[in-house]
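1. Turn this into a model:
(chains A and B)
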Amino acid sequence: MAQGIEKLVRKAKKGDRDAFIALIEEQKLAMSRVALAILHNEEDAADAIGETVLTAYAQLPNLREPRYFKTWLTRVLIHNCYDLLRGHSHFMPLDVLPETQAPAEDYDQSMDVRRSLAQLAENDRLVLTLHYMDGFKIREIAGMLGMKEGTVKTRLMRGRNRFKKIYLGQEGDCT
Amino acid sequence: MKHLRKNRTTAGLRAELQIDRVPAAVERKLKQVYAELPMDMPEPHKAPAWKREEYEQVEAVTVKRWPWPVRAGLAAGGTVLAAAVLLMGLNFSYPQFTESLPGLGGIFEKVNKSWKNPMGSNLNTYADLEQVSQGALAQVDSGYELTVDEAFCDGENVYFTTELRCPPEAAQYESIVFYKYGGRFEMFEKREDSPEDYEDCQFTINGTVTDSISGGMTGSPGEGVLRYSHVMPVQGGEVADGQELPVTVSIPTLEAHYSKDSGKRQTPDLIRVGFETEFTVTVNKKHNHISVGKGQDNGVSVLEVESTPGYIKLKLETPIWGYECEEEMRVNGQPKGGPYACHLYTEDGQELGRNSNLIEMDSRLEVLGPNPIYPKKGTMINYTVGFDGAPAGCSQVKLRIFELDPGSALMAKPETMEPGYIHDLFAELTIDLETGKAEPTDTYLQEGMKKLDTEEYVNTPHTPLFTGGYLLTDKSMGPDYTDWDSQVEEGYMYQVDMYADTEEVPDLTMRFWLNGQQIGEVKSRAPEECTQLEEGVESYMYRQEDESRFCLARYNGENLQNLGFQTIPKWQMSFVMHGEEPWADMYTKPYKETNVIVQVIDNKTGEVIFDDPRMYTTWVPQMAGAAENRNPADAPVMPGEGGAESDAASSSIAELPNPGTGVESMP
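-> Numbers count the residues shown, from 1 in each chain, chains lettered A, B, ... in the order given. Alright, predicted model coming up:
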């Protein structure tokens, strides 16, 4: 699979537009996961992904290593998501952003695991998605997010433990 | 059984993080984007032919790109920094001469300068700023009134201000914004009280829907009036000087936010107002200049100068002077003298705020790539850096490229944030905005600065030394948040990071001390006793019995070689302890009066190999409100407000001796 992607990247870098679209089609589910982990809204995720595809199309010729395409694309996407979230192009002062999690008292532990994930710290959720769903290594996640590797590990551990408490705790197995 | 539990946790996590299909909105967007893609792929970036032979071959290394420390900081401590931005607000010490001009509302100046990426703050110094004073029609008798106040168009952007007058009942809100992107900040489901029929606000220029690229807000509902500024790119292709552009404003709904303490922060009120208005703005290019730059200083060349009343963009070529590595883990190998160290001033000393949205990096740095290329010292790079527009009548500006960004605690050494600290610089150029002529000047001498163009500086590595094979880089202590946004605390966290230049994973104990008391210790362990974190990579985690303390170790190989260490660190380690006590109980006094130190012990010999080593320290104060409630003297003080604390998340190099191997007395 990875070789297939690299082959497509090489073709796209040579100007094969169809190869580029095939690459994006290959990555769109993973991109959606990451964008939703940050933005929690499908329309916004779509905007961020659209912006990312345009950036990738413009910048792909400058990507030196085809094997890094997925990491590169994800990094651009994260950048665009945070730009969107921070109101880079939207008129929303930072201090009035509503909280991005449901209040603790609204949380119904036994019924709604989605909300339990929502209770994970913003960056913990993103780090968990990148690591467990998209298979990025800690080193790669650190590079993408500009964090220390230790911080990524801490967040993985913290997010995992928190999830475990919330999710498996229902079965009395949270030790 | 433990491994089964772990697997079940992983499976549960995967099940919940998974999405079954690509959302329909994404599919729609992709179809639209595919249709818009040009048939030909863009050409790869090529350096100008006349310069290409001067470029050095650069190699990819796995270090982090430089804009991210700020972004990571914002992401991790977003609320802290957001609050900080607003705290800074109008307290910035800009000269106030522009406010005194008669007949102008001054909204641009008041609003935009309080914003982090200012554009058009000085528009009100231009006599041809248009006074629109256009009241909006309202479809609903809500008690709110909207007026478009001032407008300007430099041919690139339309700048305009709006004023919202609020009825007395609006005093219950902390802020009011124009409703847009409905549900964007919702969680996975739409709120029940967020019905579909609330329409987003919409702006058009020349008949095309557009969006803000910069803007700000000032005032409060309690004061009865809020003022907003908007900067939107001109739509519909190139426009001619004197052309009239129609602008429409449609604000069906206001989104009114309660304060954080109200308990209703999660559920802003949606207020139907139905504002509709339109106005025209005349394209005014007579103040615009774009010219090829001429002149250089200490290797810095000005390649292009573009200015309008709204912004200034400078395209520069500069050498890489090396990397800021003393706190490498903190600043992630930021090249010295990059765009974030550029500052621009008017002739009378007014600083023109830098606009990070206008920064364009040299694509050879591949700053968006997974393995950003950090050129070797001496390599020439190009970038464009953008600033707020200059006041009317200002024909020359002064560019200074500092060694470190004087304005950013995240980018610079902490001591540089101290009041009165004198920054050194790499270059100072006075630039004529009309001709592009750039001349080296030395006004920095009058301010006690020195230029870092000496042979001694160039030949100094500026990297920290490993002592006995170890480099302790930073320690941090602060609240352990359940969520950074909501600031729900779960005790505190104390973390120390270090590198080790040893073949085997170091066998060490880290002892954590606070105000003369040892509050915990964390031990590393041999790999066979640890959990392997990644397959195929030497990466281990050892957790203490209570699982609240752990050590992480990762083999780092040669990833850091371009940062210029005299030795290549092999192990990157973090020692972390979590304490159950509320952070408020630990945060009893400001950092400078707090003794936060560590000891490092060699487990094999029992020797204390570091006792109170010097390292970068992050000391996170209570959130501003909590601190103020306890003791106003402890509240974080922003730069420029005369305090000693540098930021909402204060950091400091402890004034302690350099790492040594001898045992020194404990406090």
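
2. what sits against B:V249?
-> B:A136, B:L146, B:V148, B:T162, B:C201, B:F203, B:F275, B:E276, B:T277, B:E278 (C-beta atoms under 8 Å, 6 or more residues apart in numbering or on different chains). Glycine gets a C-beta too; all of them are placed from N, C-alpha and C.

3. so what's the third one bridging to?
-> Think B:V148. Counting by DSSP bridges, B:V148 forms beta bridges with B:Q134, B:T162.

4. distance of it from chain A?
-> 15 Å (C-beta to the nearest C-beta, to the nearest Å).

5. With the first one instead?
-> B:A136 sits at a distance of 16 Å from chain A (criterion: C-beta to the nearest C-beta).

6. Out of the contacts of B:V249, flag the one nearest to chain A.
-> Chain A lies nearest to B:C201 out of the contacts of B:V249, by C-beta to the nearest C-beta, at 8.1 Å.

7. what number of residues lie near that closest one?
-> Residues lying near B:C201 (other C-beta atoms under 10 Å in any protein chain shown) number 19.

8. I'd assumed B:T253 was in contact with it.
-> Yes: taking contacts as C-beta atoms under 8 Å, B:C201 lies within contact range of B:T253: 7.4 Å.

9. Check the contact lists of the two and give me the overlap.
-> Common neighbours of B:C201 and B:T253, using C-beta under 8 Å, 6+ apart, are B:F178, B:Y179.

10. If you count contacts, what does the host helix or strand of A:A142 end up packed against?
-> If you go by DSSP states H and E, A:A142 is part of helix A:138-145. If you count contacts as 3 or more C-beta pairs under 8 Å, 6 or more residues apart in numbering or on different chains; DSSP states H and E, helix A:138-145 packs onto helix A:69-85, helix A:122-128, helix A:149-167, helix B:68-76.

11. mind redoing it with 6 Å?
-> Helices and strands touching helix A:138-145, by 3 or more C-beta pairs under 6 Å, 6 or more residues apart in numbering or on different chains; DSSP states H and E, are helix A:69-85, helix A:149-167.

12. Determine which of these shows the lowest mean per-residue pLDDT.
-> Of all the helices and strands packed on helix A:138-145, mean pLDDT reaches its minimum on helix A:149-167 (a mean of 69).

13. B:W321 is in contact with B:K336, isn't it?
-> Yes: applying C-beta atoms under 6 Å as the test, B:W321 and B:K336 come out as touching, 4.3 Å apart.

14. tell me the domain ranges of chain B?
-> B:105-282, B:292-459, B:470-653 (automatic domain parsing).

15. could I get these as JSON lines with distance to A:G15 and mean pLDDT?
-> Listed next are the domains of chain B as JSON lines, based on distance: least, C-beta to C-beta, whole Å; pLDDT from 0 to 100:
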{"stretch": "domain B:105-282", "distance to A:G15": "26", "mean pLDDT": "80"}
{"stretch": "domain B:292-459", "distance to A:G15": "18", "mean pLDDT": "80"}
{"stretch": "domain B:470-653", "distance to A:G15": "32", "mean pLDDT": "71"}
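
16. Look up which residues are beta-bridged to the residue lying closest to B:D269 once chain neighbours are set aside.
-> Spatial nearest neighbour of B:D269, excluding adjacent residues (C-beta to C-beta, 6 or more residues apart in numbering or on different chains): B:A256 at 4.5 Å. With DSSP bridges as the criterion, B:A256 is bridged to B:I176, B:D269.

17. Number of residues surrounding the closest residue to B:G378 other than its chain neighbours?
-> Nearest residue to B:G378 in three dimensions, chain neighbours excluded: B:P319, at 6.0 Å (C-beta to C-beta, 6+ apart). B:P319: 21 surrounding residues under other C-beta under 10 Å.

18. Same check on B:L137?
-> Counted with other C-beta under 10 Å, B:L137 comes out at 10.

19. same deal with B:P167?
-> When neighbours are defined as other C-beta under 10 Å, B:P167 has 12 of them.

20. mind checking how far it is from B:F178?
-> Here the distance between B:P167 and B:F178 works out to 17 Å (C-beta to C-beta, to the nearest Å).

21. How about B:R227?
-> 13 Å.

22. who are the neighbours of the longest helix anywhere in chain A, in terms of helices and strands?
-> Ranked by residue count under DSSP state H, the longest helix found in chain A is helix A:17-39. Contacting helix A:17-39 under the criterion 3+ C-beta pairs under 6 Å, 6+ apart are the following elements: helix A:2-13, helix A:42-59, helix A:69-85, helix A:122-128.

23. could you dump these to TSV with distance to B:T605 and mean neighbour count?
-> Conversion of the helices and strands packed on helix A:17-39 to TSV gives the following (distance: least, C-beta to C-beta, whole Å; neighbours: other C-beta atoms under 10 Å in any protein chain shown):
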stretch	distance to B:T605	mean neighbour count
helix A:2-13	46	16
helix A:42-59	52	22
helix A:69-85	42	23
helix A:122-128	37	24
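
24. B:N355 is nearest to which of the ones you listed?
-> B:N355 sits nearest to helix A:69-85 of all those, at 14.0 Å, using C-beta to C-beta.

25. now for that closest one, which elements pack on it?
-> By 3+ C-beta pairs under 6 Å, 6+ apart, helix A:69-85 packs against helix A:17-39, helix A:42-59, helix A:138-145.

26. Dump the ones you listed to JSON lines, plus mean pLDDT.
-> Converted to JSON lines, the helices and strands packed on helix A:69-85 look like this (pLDDT from 0 to 100):
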{"stretch": "helix A:17-39", "mean pLDDT": "89"}
{"stretch": "helix A:42-59", "mean pLDDT": "87"}
{"stretch": "helix A:138-145", "mean pLDDT": "72"}
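
27. Would you reformat those helices as CSV and include distance to B:G310?
-> Formatted as CSV, these follow (distance: least, C-beta to C-beta, whole Å):
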stretch, distance to B:G310
helix A:17-39, 30
helix A:42-59, 23
helix A:138-145, 33
